[in-house]
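Undergrad: Here is a sequence together with a model predicted from it:
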Amino acid sequence: AQKITQTQPGMFVQEKEAVTLDCTYDTSDQSYGLFWYKQPSSGEMIFLIYQGSYDEQNATEGRYSLNFQKARKSANLVISASQLGDSAMYFCAMREGGGGFKTIFGAGTRLFVKA
Amino acid sequence: DSGVTQTPKHLITATGQRVTLRCSPRSGDLSVYWYQQSLDQGLQFLIQYYNGEERAKGNILERFSAQQFPDLHSELNLSSLELGDSALYFCASSDVLAGLRTDTQYFGPGTRLTVL
């Protein structure tokens, strides 16, 4: 069965440092998509980055990069040069293939950026 | 601003009542998704519509129903409300054909439902 695991309920990082948020997944599909979303305290869900299962290069979007290790089934989010505004909840998600196009989300990691 | 709009922003109602949540997708997006986010269950996929037709169903209760109209806006109907239905309900939309697995979903601001 499809599953997303985020093992870090909360993390602290010093401003301007890099931080890695862990995500592991389980699927029997060969073709799937992996996503990261940010949810600030205001509540909206903000799309950050996408990685396709067949993409050979790790995805990057500005200060966000996705460390995709297919054999280990991990899709960790790396945020470089953390800013105070990065303090938020971060969700890893996977898009299911096959006949149903559900997206499942992990439990999330709350990131605190310290000044 | 994602371009997805949801109304109302907040809704307070009593147990046993029925409410309707409304979502307008981004211009040009044909797919609409509904999610429920509660403290104990996390973010749960409820249902997806593509161009007016239901395409995928998640953990949606029988008391809940949804539809997508010809103008592509969608409504989520919640009936016989219980205390446990209190949650943040998100709508998301995407612009890629439903046949592909890689479409990015853009979320609306959510409707916070409180059942008293």
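TA: Cool, got the structure.
Undergrad: Leaving out the residues flanking it, which one is nearest to the residue of chain A found nearest chain B?
TA: Proximity of chain A to chain B (Cβ to the nearest Cβ) peaks at residue A:45, 3.7 Å away. Where C-beta positions appear, they are placed from N, C-alpha and C, glycine not excepted. Among residues not flanking residue A:45 along the chain, residue B:107 sits closest, at 3.7 Å (Cβ to Cβ, 6 or more residues apart in numbering or on different chains).
Undergrad: now swap in residue B:53 and tell me
TA: residue B:68 (7.6 Å).
Undergrad: Looks like that neighbour contacts residue B:29 (just checking).
TA: No: with contact defined as Cβ atoms under 8 Å, residue B:68 does not count as touching residue B:29 (10.9 Å).
Undergrad: Looking at the two, which is more packed in?
TA: Neighbour count, other Cβ atoms under 10 Å in any protein chain shown: between residue B:68 and residue B:29, residue B:68 has more, with 23 against 20.
Undergrad: List the residues that contact that one.
TA: Counting by Cβ atoms under 8 Å, 6 or more residues apart in numbering or on different chains, residue B:68 touches B:32, B:49-53, B:74.
Undergrad: picking up where we left off before, who does the residue nearest to residue B:53 bridge with?
TA: Going by DSSP bridges, residue B:68 is paired in beta bridges with residue B:74.
Undergrad: Just the pLDDT at it, thanks.
TA: Listed pLDDT for residue B:68 reads 97.
Undergrad: next one: residue A:104
TA: Reported pLDDT for residue A:104: 87.
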